[in-house]
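*Asks:* no sequence for this one, just the structure:
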């Protein structure tokens, strides 16, 4: 069975949980390493999703302006 794709917000929430657990030093080393790996994957996924959103905003702005060049997203 395929794993359900998390929303951006769900990924951020899970990432916050992982950080909290790792900062508490409550997890054994083997569990901490698994959590760290999961956190890295979540962070990469969130970064990619933000980049795609940024590109979409630039594209929409371009359409509204009627120009051919994109403008960087300042946000």
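*Replies:* Thanks, I have it. These figures come from a predicted structure and were not determined experimentally. Residues are numbered from 1 along each chain as shown.

*Asks:* Please make it C-alpha for all contacts and neighbour counts, starting now.
*Replies:* Will do.

*Asks:* Find the residue at the geometric middle of the protein.
*Replies:* residue 46 (0.9 Å; CA atoms, centre = their mean).

*Asks:* Give the burial count for residue 35, as a bare number.
*Replies:* Residue 35 is flanked by 19 other residues according to other CA atoms under 10 Å.

*Asks:* my read: it touches residue 16, true?
*Replies:* No: with contacts counted by CA atoms under 8 Å, residue 35 stays clear of residue 16, the gap being 11.2 Å.

*Asks:* list the contacts for the residue nearest to the centre of the chain?
*Replies:* Applying CA atoms under 8 Å, 6 or more residues apart in numbering to residue 46 gives the contacts 8, 11, 12.

*Asks:* so how far is the helix or strand harbouring residue 35 from its chain's centroid?
*Replies:* Per DSSP states H and E, residue 35 falls inside helix 29-65. Offset of helix 29-65 from its chain centre (CA atoms, centre = their mean, to the nearest Å): 3 Å.

*Asks:* Okay, buried residues for that helix please.
*Replies:* By neighbour count on 16 or more other CA atoms under 10 Å, the buried set for helix 29-65 is 32, 35-36, 39, 42, 45-46, 54-55, 57-59, 61.

*Asks:* before we move on, what about stretch 5-12?
*Replies:* Those would be 11, 12, for stretch 5-12 by 16+ other CA under 10 Å.

*Asks:* Let the chain start at 703 from now.
*Replies:* New numbering, starting at 703: the last item is stretch 707-714.

*Asks:* ok, for residue 751, nearest residue in space, not its chain neighbours?
*Replies:* Closest residue in space to residue 751, ignoring its immediate chain neighbours: residue 710 at 7.4 Å, by CA to CA, 6 or more residues apart in numbering.

*Asks:* helix or strand for the closest residue to residue 741 other than its chain neighbours, which one?
*Replies:* Nearest-residue entry for residue 741: residue 717, 5.7 Å, with adjacent residues in sequence omitted and distances by CA to CA, 6+ apart. Assigned by DSSP H and E, residue 717 belongs to helix 710-726.
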